[in-house]
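1. Predicted structure and sequence below. I'll ask about it afterward.
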Amino acid sequence: MSAATRAAVRAPAAGTPATSRTETDAASRTEVFRAMGSEVTLTVVGPGPDADDALAAARAAVEQVDAACTRFLPSPLTAANADPDAWHAVPATLATAVLEARRAHEATGGVFDPRVLDALLAWGHDEALAGGPAAVPAPVWPATMLPSGLRLAAVDRPWQPRARQESDGWRLHLHGQPIDLGGIGKGLAVRAAAEALRGAGRGALVDAGGDLVVIGDGPAGDWRVGVEDPAGGDAPVLVVSLRDTGCATSSVHRHSWLAGDRPVHHLVDPRTRRPGGEGLAAVTVLGPDPAWAEVWSKSLFLAGAAHVRERAEDAGLAAAWVRRDGVVDMTDGFTQHVTWRNDD
Amino acid sequence: MTTDPRRALAALALVPVTAGAFAGAVAWAADRPAQTAPTDLVQATVQAAPSGATLDPRVAAVAEQLDVLRARLAALQAELAAQSGPAAQAQSAQAAQAAASRIQRTAPAPRPAPPVDATTRASG
């Protein structure tokens, strides 16, 4: 049994049966349910006659991505991960997700790399997520070896998974290593749900635990979105005014634990195989597509405090970041959306 | 004696108007031929002004009244400065101090966060 499969068996936090609630009033309709280990909120403002159907389609889209891409329950991804050197028949949702992840890998110069799964497991991510011991054992492996026993050079080469559509469906080859789509999966789900909600009312929101899309009008004009304080404060560090855009945050706030006596988090740098982003606590990126906002928020986070601005400006991103010392900074593209900041 | 500063200022504002009217009258009178004035007034004024062989007595009278008004204006200005000036200065200083104090008290507390429709957070 591979490490990925063991993780899928023991982690109960994600993929749990969905519970939901619906809130309806004259001004909006909202559906809240659990998927991808998060609470997902779908809202239609000024609902039109098709709003209910659109909400149902949006929820189905989220659950479809979750079912195809989760590694916490048996899924097409866990099957492919179990034998990453073989071709697998997979649903279109997983095939297209892997192809999008490959594009992200190439666009970020390899900084976005779903192959960090084995390092993530070695650092104890899944034990921590499942509410395991306060401190998990620190991984020990030779500097030139990966936790899985592969030589480090094996991940130095570009990741080139392949997918092709045949007469009876899609085939996928993972290029030799198990992967984690956690760095893009939610964004893809949010993207699909947003498409389903487009035109269902005056405005719409898809919020999957921080990865979100806002469309058209919010309840009171533009959508007002708070940027969570990664230090755990009640107040956001920023409030931004948004319309027709995606937004994603990578933060160590909810996914930090102790490996031995070392504080670690889930944002593993594929270049070092260790938790990265030195000096940063969170990065938020705005962009037209939520999946790419998620990709870039993780990639910028791994640039660390010393290089995050340079990387964001080189890529032309609207990004804000919070340093470990609490200082908030941002690019000009982000500043124009800010309506409130905690250090005003 | 207590004087309402606003009334005193209103009175002061009227003084230049009145003085201007008198000055206009003086200029008008100076341009008029002397024989057009009533005889009784001319005689009285000439007697009161030894050097006024060429001075219209009405001009002299107006000039005298103007001098009185100027003196009254100076007196009012002095009175106003003595009564309301220091008080106003003190009042201004108090107001400035109170404003500064308010600023000092409120500065450390950041503006409360406005309501939001959603929050972007660690997405996992």
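-> Arrived safely.
2. going forward, measure contacts between C-alpha atoms and count neighbours the same way
-> Fine.
3. can you pull the pLDDT of B:S123?
-> With respect to pLDDT, B:S123 has a value of 68.
4. meant to ask about B:P5
-> pLDDT recorded at B:P5 is 61.
5. what do you get for A:G131?
-> We note a pLDDT of 68 for A:G131 in this prediction.
6. How about A:V32?
-> If you check A:V32, the pLDDT there is 96.
7. burial measure for it, as a count.
-> Using other Cα atoms under 10 Å in any protein chain shown, A:V32 has 19 neighbouring residues.
8. likewise A:D344?
-> Burial of A:D344 is recorded as 9 neighbouring residues (other Cα under 10 Å).
9. In terms of helix, strand or coil, where does it fall?
-> For A:D344, the secondary structure call by DSSP: H, G, I helix; E, B strand; the rest coil comes out as coil.
10. Quick check: it touching B:P112?
-> No - counting by Cα atoms under 8 Å, A:D344 sits too far from B:P112 to count as a contact (10.0 Å).
11. How many neighbouring residues does the residue lying closest to A:Q64 once chain neighbours are set aside have?
-> In space, and not counting its chain neighbours, A:Q64 is closest to A:T93: 7.5 Å by Cα to Cα, 6 or more residues apart in numbering or on different chains. Counted with other Cα under 10 Å, residues neighbouring A:T93 total 19.
12. With A:P263 instead?
-> 11.
13. That one bridge partners, please.
-> For A:P263, the beta-bridge partners under DSSP bridges are A:L258.
14. Hmm, it is touching A:H253, no?
-> No - if you go by Cα under 8 Å, A:P263 and A:H253 don't touch, sitting 12.0 Å apart.
15. does B:Q77 sit in a helix, a strand or a coil?
-> With three-state DSSP as the criterion, B:Q77 reads helix.
16. Sketch out the low-pLDDT regions of the chain for me.
-> In the absence of a named chain, this looks at chain A. For chain A, the stretches with pLDDT under 70 are A:1-19, A:127-129, A:131-156.
17. was after chain B, sorry
-> In chain B, residues with pLDDT under 70: B:1-57, B:60-61, B:64, B:68, B:71, B:75, B:78, B:81-110, B:123-124.
18. Looking at it, which residue is nearest chain A?
-> B:T120 (4.0 Å; Cα to the nearest Cα).
19. so what's that residue bridging to?
-> What pairs with B:T120, by the bridge criterion (DSSP bridges), is A:V227.
20. got the contact list for it?
-> Residues near B:T120 by Cα atoms under 8 Å, 6 or more residues apart in numbering or on different chains: A:209-212, A:225-228, A:247-249, A:284.
21. ditto for A:V295
-> Contacts of A:V295 (Cα under 8 Å, 6+ apart): A:104, A:112, A:183-184.
22. Please identify which of those is nearest to A:L55.
-> Nearest to A:L55, judged by Cα to Cα, of those is A:I184 at 22.2 Å.
23. okay but that closest one is in contact with A:R103, surely?
-> No - contact between A:I184 and A:R103 fails when scored by Cα under 8 Å: they sit 11.2 Å apart.
24. and those two? which has more neighbours close in?
-> A:I184 (25 against 15).
25. what sits against that one?
-> Applying Cα under 8 Å, 6+ apart, the residues near A:I184 are A:101, A:291-292, A:294-295.
26. if we can go back for a sec, name the member of the contacts of A:V295 with the most neighbours.
-> Using other Cα under 10 Å as the neighbour criterion, A:F112 leads these with 27 neighbours.
27. Next, the residue of the stretch 51-200 of chain A found nearest chain B: secondary structure please.
-> Going by Cα to the nearest Cα, chain B is nearest to A:G182 of the stretch 51-200 of chain A, at 6.9 Å. Classification of A:G182 using three-state DSSP returns coil.
28. ok now the longest strand anywhere in chain A, how far from the chain's centre?
-> Criterion DSSP state E: the longest strand present in chain A is strand A:38-47. With Cα atoms, centre = their mean, to the nearest Å as the basis, strand A:38-47 stands 19 Å off its chain's centre.
29. C-terminal to it, what's the next element?
-> helix A:51-69 (DSSP states H and E).
30. For that following helix, list every residue counted as buried.
-> Buried residues in helix A:51-69, counting neighbours by 16 or more other Cα atoms under 10 Å in any protein chain shown, are found at A:51-52, A:54-55, A:57-69.
31. Check which helices and strands the next helix or strand after that helix sits against.
-> Remark: after helix A:51-69, the chain's next helix or strand is helix A:76-82, criterion DSSP H and E. In terms of contacts (3 or more Cα pairs under 8 Å, 6 or more residues apart in numbering or on different chains; DSSP states H and E), helix A:76-82 is packed against helix A:3-10, helix A:51-69, strand A:87-90.
32. Which one, of these, ends up nearest to A:A194?
-> Nearest of the helices and strands packed on helix A:76-82 to A:A194, taken as Cα to Cα: helix A:51-69 at 6.9 Å.
33. which other residues reach that closest one?
-> With contact meaning Cα under 8 Å, 6+ apart, helix A:51-69 is reached by A:15, A:29, A:31, A:35-36, A:42-44, A:75-77, A:91, A:93-94, A:181, A:185, A:188-190, A:192-197, A:200-201.
34. got the angle for it vs strand A:38-47?
-> Relative orientation of helix A:51-69 versus strand A:38-47 (axes from the mean of the first three to the mean of the last three Cα atoms, to 10 degrees): 160 degrees.
35. Which of the contacts of helix A:51-69 fall in helices?
-> Those of the contacts of helix A:51-69 mapping onto helices are A:76-77, A:93-94, A:185, A:188-190, A:192-197, per DSSP state H.
36. Let's have these in TSV, adding distance to A:A163.
-> Shown next, in TSV, are the ones in helices among the contacts of helix A:51-69 (distance: Cα to Cα, whole Å):
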residue	distance to A:A163
A:P76	14
A:L77	13
A:T93	11
A:L94	10
A:G185	17
A:L188	17
A:A189	19
A:V190	22
A:A192	20
A:A193	23
A:A194	25
A:E195	24
A:A196	25
A:L197	28
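37. Many thanks, have a good one.
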